[in-house]
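**Student:** The following comprises the amino acid sequence and a computationally predicted model.
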Amino acid sequence: MATVSSIITSMINFIKGKNATIDTSVGTLFRDIVVECPANEINSVYTEIGSVQKISAFFTYPEDLTTQEMDDVAANYGLTRGAAVVATGQVRFIKYTAPTSAISIAAGTVVSTSSSSGAAAVSFVTTVEAILSTTPNYDPINNYYYVDAFIESSTAGSIGNVGSGTITSFGTVTGLDLVTNPLPTSGGADAESNTLLAGRIQIKLMGNNYGTTNGYVSLVNPSASISEVAIIGPNDPNMKRSLYGGKVDIGVRPASVSAGLTTYSENFSYISSQQTYNLTKQPARTITTVTGTYLGNPYTFNSATTDYSLLKDTGANSGSVRALDKINWNGTKKPDDPSTFTVTYTYFSAAEDAQANVDNDLYHTLTADALVREAESVGIIAALTVVKLSGYSTSEVSSSVATAFANYVNGLLMGATLDESDLVGAIDTNAVGVDAIILPFTTFQKVDSTGTTNSVNGRLTITKVQYYRVSSLTITVS
């Protein structure tokens, strides 16, 4: 593109070609008015043309645009840039001797990685209360007692994705000896890049016909809450409601464990003849507190002592706003009959929001019953043995293998096939200190709403509205 300097030079050369005696030196009236003034205006026009070219070609060169320019383009299509997402995971609070009294780890307890010369510590907070009871979990291999707790990073972004075994510091909790994360944290994502946002704009443009696959994807609008969308139509074996047309299932995958959740409280009238109560907001994820009266006194009921449980709907409408997830009274301590009890719970409100878009009269396809459903998380249970190279410690190899294993699983798309050979390749490429991997794996199973299923010839399969996560991973280093 031409610059002011090149435009001035070109103009002077043209003028000299017509009349070589004209003085065009710097500071002359002729140069200021006849040459430099129009040259600057011409340069402004060049700049505007260049900006228009960049913006009009944002599909091809999205990173050439500034953040504001791309945001302005997206706004033309009713889209906004996805915000950064916090990473989530689990930590294990450890005590080497059996606790003589329960130890409470409050929600909001801070844990972190250790700082090093090259990087600052990454902090996380527990999202739920964890209690190391007097009858705790016990790890016979490492000879310790423990309780696990969910965590999320204090800072949004990919910085929260840390490797297994790297979280080693925790806030003041009397009686605990150690904290660690058996698996890496995941799901942390930086703010949506220009390239990803341009891709969503393309989907929006292709989805103007709302009865098409791209149309439904456009309505659901992948965002900070939803990372992936799958469309299930007629004649698809993954369709849960009808194989014969008229219905569309839209599977949406949460961007992280905590993404797209809203907390809701409601009251119910308890009578002893009714043990289950349908929750209003669907699909429900977790029940956080239940309060009421017991033996005439205010009481907070405890799921840990089996007073109640969340009973998930597994029918045709599971995971959707039409689901019938409910609280189930299954213990000896129940509210007084009759009395009112209050349930506070989280539900996947991202599905509710997406369903509202699909049902909007402006977009709704009259001949199709489209239902947004939260994709099902399928747990992976695996146990394997690796042989380490000399010079590497057992803990170093175990942590590295766990991180490589989990990162590969977390990166798979919905409906993907998972083979032992895939995991061997991921470990071989990304883990350190591994000399050999013993095959087949000692354990390689999946756990979903139908139960536990063993792999077949080292292969696990899932439906288009399911995705993998690591539920349990045992690594033996020899």
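**Tutor:** Cool, the structure landed.

**Student:** how does this protein divide into domains?
**Tutor:** 4-56, 88-180, 208-374, 376-477 (automatic domain parsing).

**Student:** Check which helix or strand Val248 maps to.
**Tutor:** In this structure, Val248 sits in strand 247-254 according to DSSP states H and E.

**Student:** same thing with Ala354?
**Tutor:** Per DSSP H and E: helix 349-359 holds Ala354.

**Student:** Reduced to three states, what does Pro440 come out as?
**Tutor:** coil (DSSP: H, G, I helix; E, B strand; the rest coil).

**Student:** Point out where the chain drops to low pLDDT.
**Tutor:** Confidence mapping of the chain against pLDDT under 70 gives the ranges 1, 47-59, 117, 204-210, 221-224, 243, 304.

**Student:** in it, which spans are helices?
**Tutor:** Taking DSSP state H, the helices of the chain run over residues 4-18, 29-30, 37-56, 67-75, 194-206, 213-220, 349-359, 394-410, 420-430.

**Student:** would CSV of those helices with mean neighbour count and distance to Tyr244 be doable?
**Tutor:** C-betas here are computed from N, CA, C, even on glycine. Converted to CSV, the helices of the chain look like this (neighbours: other CB atoms under 10 Å; distance: least, CB to CB, whole Å):
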stretch, mean neighbour count, distance to Tyr244
helix 4-18, 13, 68
helix 29-30, 10, 83
helix 37-56, 13, 45
helix 67-75, 15, 39
helix 194-206, 18, 27
helix 213-220, 22, 19
helix 349-359, 20, 21
helix 394-410, 21, 35
helix 420-430, 16, 36
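
**Student:** In TSV: the ones you listed, plus distance to Thr155.
**Tutor:** Shown next, in TSV, are the helices of the chain (distance: least, CB to CB, whole Å):
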stretch	distance to Thr155
helix 4-18	43
helix 29-30	59
helix 37-56	32
helix 67-75	19
helix 194-206	20
helix 213-220	28
helix 349-359	22
helix 394-410	19
helix 420-430	24
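
**Student:** quick one, which of those is nearest to Pro338?
**Tutor:** Among these, the nearest to Pro338 by CB to CB is helix 349-359 (31.0 Å).

**Student:** Report the inter-axis angle for the closest one versus strand 247-254.
**Tutor:** Taking axes from the mean of the first three to the mean of the last three CA atoms, to 10 degrees, one finds that helix 349-359 is oriented at 150 degrees with respect to strand 247-254.

**Student:** Residues in contact with helix 349-359: which ones?
**Tutor:** Outside helix 349-359, the residues that touch it by CB atoms under 8 Å, 6 or more residues apart in numbering are 216, 219-221, 223, 225-226, 250, 252, 254, 259-262, 281-283, 319-321, 363-364, 370-374.

**Student:** That helix: how far from the chain's middle?
**Tutor:** Averaging C-alpha positions (CA atoms, centre = their mean, to the nearest Å) puts helix 349-359 18 Å from its chain's average.

**Student:** now do stretch 291-308
**Tutor:** For stretch 291-308, the distance to the chain centre is 33 Å (CA atoms, centre = their mean).

**Student:** That one spans what distance, first to last residue?
**Tutor:** When the termini of stretch 291-308 are compared using CA to CA, to the nearest Å, they are 11 Å apart.

**Student:** for stretch 432-448, same thing?
**Tutor:** 32 Å.

**Student:** ok, Asp249 to Lys240 distance?
**Tutor:** For Asp249, the distance to Lys240 equals 6 Å [CB to CB, to the nearest Å].

**Student:** so what's the closest residue to Asn328 other than its chain neighbours up against?
**Tutor:** Spatial nearest neighbour of Asn328, chain neighbours left out: Leu311 (4.2 Å); criterion: CB to CB, 6 or more residues apart in numbering. Applying CB under 8 Å, 6+ apart, we find Leu311 in contact with Thr276, Asp325, Lys326, Ile327, Asn328.

**Student:** Try it again at 10 Å.
**Tutor:** Going by CB atoms under 10 Å, 6 or more residues apart in numbering, Leu311 touches Gln275, Thr276, Tyr277, Asn278, Leu279, Ala284, Leu324, Asp325, Lys326, Ile327, Asn328, Asn330.

**Student:** which of those are buried?
**Tutor:** Neighbour counting over these (16 or more other CB atoms under 10 Å) leaves Tyr277, Leu279, Ala284, Leu324, Asp325, Lys326, Ile327 as the buried ones.

**Student:** From Val477, how far off is the residue nearest to the third one when sequence neighbours are not counted?
**Tutor:** In other words, Ala284. What sits nearest to Ala284 in space, not counting adjacent residues and going by CB to CB, 6+ apart, is Asp325, at 3.9 Å. Going from Asp325 to Val477 by CB to CB gives 41 Å.

**Student:** same check, this time on Leu362
**Tutor:** Leu362 is 58 Å from Val477, by CB to CB.

**Student:** Please say which of these two ends up with more neighbours.
**Tutor:** Val477 (17 against 6; other CB atoms under 10 Å).

**Student:** give me the beta-bridge partners of the more buried one?
**Tutor:** Val386 (DSSP bridges).

**Student:** oh, and call the first residue 247 from now on, that's how I've got it
**Tutor:** Will do, 247 is the new start, and the previous item becomes Val723.

**Student:** Now do the contacts for it.
**Tutor:** Contacts of Val723 by CB under 10 Å, 6+ apart are 631-634, 638-644, 647, 679-680.

**Student:** same thing with Thr373?
**Tutor:** Thr373 neighbours (CB under 10 Å, 6+ apart): 334, 353-355, 395-398, 503-504, 507, 532, 534, 592.
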